[in-house]
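Q: Whatever this is, show me its structure:
(4 chains, ligands or ions: 5)
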Amino acid sequence: MLSTRDLVLCALFAALLGGLGMAPPIPLGFLPVPITAQTLGVMLAGTILGAKRGGIAALLFVLLVAAGLPLLAGGRGGIGVLMGPTGGFVLIWPIAAFVTGWLTERFATTANPIRLFAVSVLGGILVVYAGGIPWLSLVAGLPIEKAAFGVLAFLPGDLIKAGIAAVAASGVRRAGILPIHA
Amino acid sequence: MLGLYLHRESVIHRLPAGAKLGGLMLVTVIVLTLPGAWGALAAGLVGAAVLAAAELPAGRVLSELRAPVVMLTLLFGFQAVLAGGGWMETAIAVARFAALILLATLVTLTTRVMDMVDLFERLFGLLRPLGVNPAKMALMLALTIRFIPLLGDQVREVRMAQRARGVERNIAALFVPLLVKILTMADDLTAALEARGYDPADTGTKNGTQR
Amino acid sequence: MIELRSVTHAYGDRPVLHDLSLRLAERRIAILGGNGSGKSTLARMLNGLIVPTSGSVAVDGLDTRTDGRAVRRRVGFVFQNPDTQIVYPTVEEDLAFGLKARKLPKDEIARRVAGALERYGLDRYRHQPAHQMSGGEKQLLAIAGVLVLEPDYVIFDEPTTLLDLRNRRKVIELLRGLPQTLLVVTHDLDMVKDFDRALVLEDGRVVIDAPPVEAVPAYVERLG
Amino acid sequence: MIELRSVTHAYGDRPVLHDLSLRLAERRIAILGGNGSGKSTLARMLNGLIVPTSGSVAVDGLDTRTDGRAVRRRVGFVFQNPDTQIVYPTVEEDLAFGLKARKLPKDEIARRVAGALERYGLDRYRHQPAHQMSGGEKQLLAIAGVLVLEPDYVIFDEPTTLLDLRNRRKVIELLRGLPQTLLVVTHDLDMVKDFDRALVLEDGRVVIDAPPVEAVPAYVERLG
Ligand SMILES: Nc1ncnc2c1ncn2[C@@H]1O[C@H](COP(=O)(O)OP(=O)(O)OP(=O)(O)O)[C@@H](O)[C@H]1O
Ligand SMILES: Nc1ncnc2c1ncn2[C@@H]1O[C@H](COP(=O)(O)OP(=O)(O)OP(=O)(O)O)[C@@H](O)[C@H]1O
Ligand SMILES: O=C(O)CCCC[C@@H]1SC[C@@H]2NC(=O)N[C@@H]21
Ligand SMILES: [Mg+2]
Ligand SMILES: [Mg+2]
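A: Ligands and ions are numbered 1, 2, ... in the order given. Next comes the predicted model:
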């Protein structure tokens, strides 16, 4: 079902997710979870590649991290890290990219940045938090309300990322490249 | 990032990828279940032994750990200060994860991408009934690894081009040309793969060349 | 022999090749023409990477539309930018890629890879990451990755543009020594002067078709 | 004038330029040398895109390390691959990009963009997506995007490699007509034959520094 071009696109966006790990992560101070640029990659995979290919791209990334490649921000990788407090956020990325893409295919097929922003927020922020918070609470032994409250600190950064994703995806559409329909 | 695979003629290099990854998983589980410092200590010892046996440059490998250790310390350290967990706990958490990252790094440094990918292909074979195409997954994993440095070059180039035009920092403006480049590159990469005999219809599913 | 019968190609509704009919049987054929004249499109058509919108292309009697896979086995393709052709991170693994895609037995793969490493002077890079090599070395690797598949025809789409004079010379020499039938797309008129035939494209039509001694001066004159 | 004082540069622990001291004051300077000899690194150093590991580079007395931004205002840079430089989806927006970054008033931007569209024959592409243009047109756009900023110096890093003969000629003519001081990295020896000075790099050292009439034959001979 996947054409050769699809394989290449999935791999390219998985690599992009890895590349975003080169941006230095910022520790928050009160949670063992850093601010990273990588959720931007999740949003871009979804909004530009669509549900299926976007989901696969993020899945490839997670598999490579599991295999031990140091692709998480700050040069971390391996099963051990995935079992750590941040694991829930990362393991949910394939689903988050899929949901972002699914919403994109339904509601944001044009270059309209507002719609692209909205789907990035829903798929790239809400879904990610839904995966990350319970896991964090479990692994770090935090009560779930505390974990949820703490994670709110990521919101400003994540909204900025959704904005960047929206502007970038919109630019790509206007440049006349629309692999979502290809 | 230290180059992925670092060739040496060592026993560790010759071990099958499955053994190395399986071993890594086993050690990970043990480390995460052993109480207190014992897990970290055990993993550290295994790591040191593997590092020596693999004949890798210890200094370079360990210096790769610096960034993650700083990162881990910042992550868990604040917790100790603010949540009153105590420094001992922080040190143990950092040591555990650092040792596990070291072990994971040793696996990737001693295993050829092709062997790693072959292993994944065999594992994905189990999911074939669910409609998963193992050959395609394997190829995509290999391509991803190959594309990471390629993408790094593109980012550097695009950033320089922007600075040359007087824009020192503009993240949104960075991503548009970067993505356009990635997406146009995809056409060439696709053609090159097929020209080298890769055939998507080869492995059970239909869909030939289409543009 | 490669034969085109009334081949037309359009990307979307934009026609790029117009009703080409050609029989390509010479050993060394150059394809010349300006940016956007359709050279790469034509080249990709010759091994079925692109199929014509109408008309047909046949390689040794095999139609690219129906026998694309068999055609690509016979016709190798080298692109301009080596970075987009290298699939595996290290040199040795990359050389093995196409052979594995063909499902050759393991020892046959090893034998051919070893041969290619030696023949193209890549032995000392064997385990090195391809992305650390220089532009010229990468292009050699890309060419080796195609030749290791032992095709009967090889198409080159501007294989020397990113290379310096020395590497360019190396690649030209390598081409000169190849036993295969070659089709070379290039802007480098010097490179093809001893070829058997040169086609000049303009707006998707062949406007000159002659040996380079005639075709090249006529082309240069056309450029005004 | 651009002045280099004992400039050394290394990527990580790999030295690429070794202790270069140069005063570049001629109007047209060519930078020649093999793949990997350090040409692009040197070129990027001249407008502070890369700063030296040790030593210093100054443009009209401004140090690239401390006054990078001001230096880049004076020194424009055209890359080999236009795809990297084109930032905005359409031609007109892209031309305005650098001017906006300089915070010029709106009508000044409109005036300059209109001028550039006309001067470089891009008028009819005005609202077209830039990446759908041909290679030659894209390179013209990339050059226009730099020249619209009216720099005093312009550095070109292999501006013609992806171009056909006609577009190459167009670019060469364009360069010939520019009032600015030019530094051109190229493998195209023909292009620089009437320049004032040619530097040949080898392994990060200047091995020849002379007018092209002398430098080019000496370089070709060195290649053996
Ligand atoms: N995938 C594509 N989609 C739409 N148009 C395309 C595509 N590929 C090429 N074109 C257009 O088709 C025409 C012919 O392109 P082609 O790449 O064959 O030219 P070329 O002769 O190889 O040019 P160059 O010397 O620049 O490589 C050009 O106008 C180009 O813009
Ligand atoms: N960002 C980088 N990181 C590490 N090494 C680099 C980087 N950029 C260039 N190099 C290396 O530095 C050396 C000089 O590179 P440079 O690009 O300056 O050469 P060049 O003369 O422009 O070559 P070419 O003709 O191929 O463009 C090469 O060996 C190259 O591999
Ligand atoms: O690198 C890791 O170990 C995973 C980090 C997960 C970070 C989460 S993802 C959503 C939220 N937004 C951020 O910027 N960081 C967190
Ligand atoms: Mg072409
Ligand atoms: Mg260069």
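
Q: Return the distance of the closest residue to B:A164 other than its chain neighbours relative to D:L95.
A: Excluding the flanking residues, the one nearest B:A164 by Cβ to Cβ, 6 or more residues apart in numbering or on different chains is D:F77, at 3.8 Å. Quick note: C-beta positions are derived from backbone N, CA and C, even for glycine. Separation of D:F77 from D:L95 (Cβ to Cβ, to the nearest Å): 16 Å.

Q: got it, and A:I26?
A: Using Cβ to Cβ, which is the criterion applied here, A:I26 is 36 Å from D:L95.

Q: neighbour-wise, which of the two wins?
A: Each of A:I26 and D:L95 has its neighbours counted (other Cβ atoms under 10 Å in any protein chain shown); D:L95 has more, 28 against 14.

Q: Can you point out the helix or strand that includes that one?
A: helix D:91-101 (DSSP states H and E).

Q: Run through the residues that contact the residue in chain A that ligand 2 sits nearest to.
A: Among all residues of chain A, A:M22 sits closest to ligand 2, at 13.1 Å; criterion: Cβ to the nearest ligand atom. When contacts are counted by Cβ atoms under 8 Å, 6 or more residues apart in numbering or on different chains, A:M22 touches B:G152.

Q: ok, back up a step: now do the contacts for the residue nearest to B:A164.
A: B:A161, B:A164, D:A43, D:R44, D:N47, D:L49, D:V146, D:V154, D:I155, D:D157.

Q: redo that, cut-off 7 Å
A: For D:F77, the contacting residues are B:A164, D:N47, D:L49, D:V146, D:I155, by Cβ atoms under 7 Å, 6 or more residues apart in numbering or on different chains.

Q: would TSV of these with neighbour count, pLDDT and secondary structure be doable?
A: Shown next, in TSV, are these (neighbours: other Cβ atoms under 10 Å in any protein chain shown; pLDDT from 0 to 100; DSSP: H, G, I helix; E, B strand; the rest coil):
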residue	neighbour count	pLDDT	secondary structure
B:A164	27	84	helix
D:N47	27	89	coil
D:L49	22	90	coil
D:V146	24	90	helix
D:I155	29	95	strand
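
Q: Closest to ligand 2 out of these?
A: D:L49 (11.2 Å).

Q: Just to check, the closest one is in contact with B:M160?
A: Yes: contact criterion Cβ atoms under 7 Å: D:L49 and B:M160 qualify, at 5.0 Å.

Q: in the chain, which spans are helices?
A: By default, I'm working from chain A. Counting by DSSP state H, chain A has helices at residues A:4-20, A:38-44, A:51-66, A:79-83, A:87-91, A:93-107, A:113-121, A:127-140, A:144-151, A:155-174.

Q: wait, chain B
A: With helices called from DSSP H, chain B shows them at B:11-14, B:17-33, B:36-53, B:58-63, B:66-83, B:87-110, B:113-125, B:134-164, B:171-195.

Q: What are the contacting residues of stretch A:66-76?
A: Against stretch A:66-76 from outside (Cβ under 7 Å, 6+ apart): A:18, A:21, A:23, A:25, A:34, A:36, A:38, A:61, A:64-65, A:77-79, A:81-82, A:90, B:1, B:21, B:24, B:64, B:67-68, B:71, B:101, B:104-105, B:107-108, B:116.

Q: The same query, at a cut-off of 6 Å, please.
A: Contacting residues not belonging to stretch A:66-76 are listed as A:18, A:21, A:25, A:36, A:64-65, A:77-79, A:82, B:67-68, B:71, B:101, B:104, B:107-108 [Cβ atoms under 6 Å, 6 or more residues apart in numbering or on different chains].

Q: Off-centre distance for it?
A: The gap between where stretch A:66-76 is centred and where its chain is centred comes out at 15 Å by Cα atoms, centre = their mean, to the nearest Å.

Q: quick one: the residue nearest to B:A164 from chain C, how far?
A: For D:F77, the distance to chain C equals 19 Å [Cβ to the nearest Cβ, to the nearest Å].

Q: what are the pairing partners of the helix or strand that contains that residue, and which direction each?
A: Secondary structure from DSSP H and E places D:F77 in strand D:75-78. Strand pairing for strand D:75-78, using DSSP bridges, gives strand D:153-157 (parallel).
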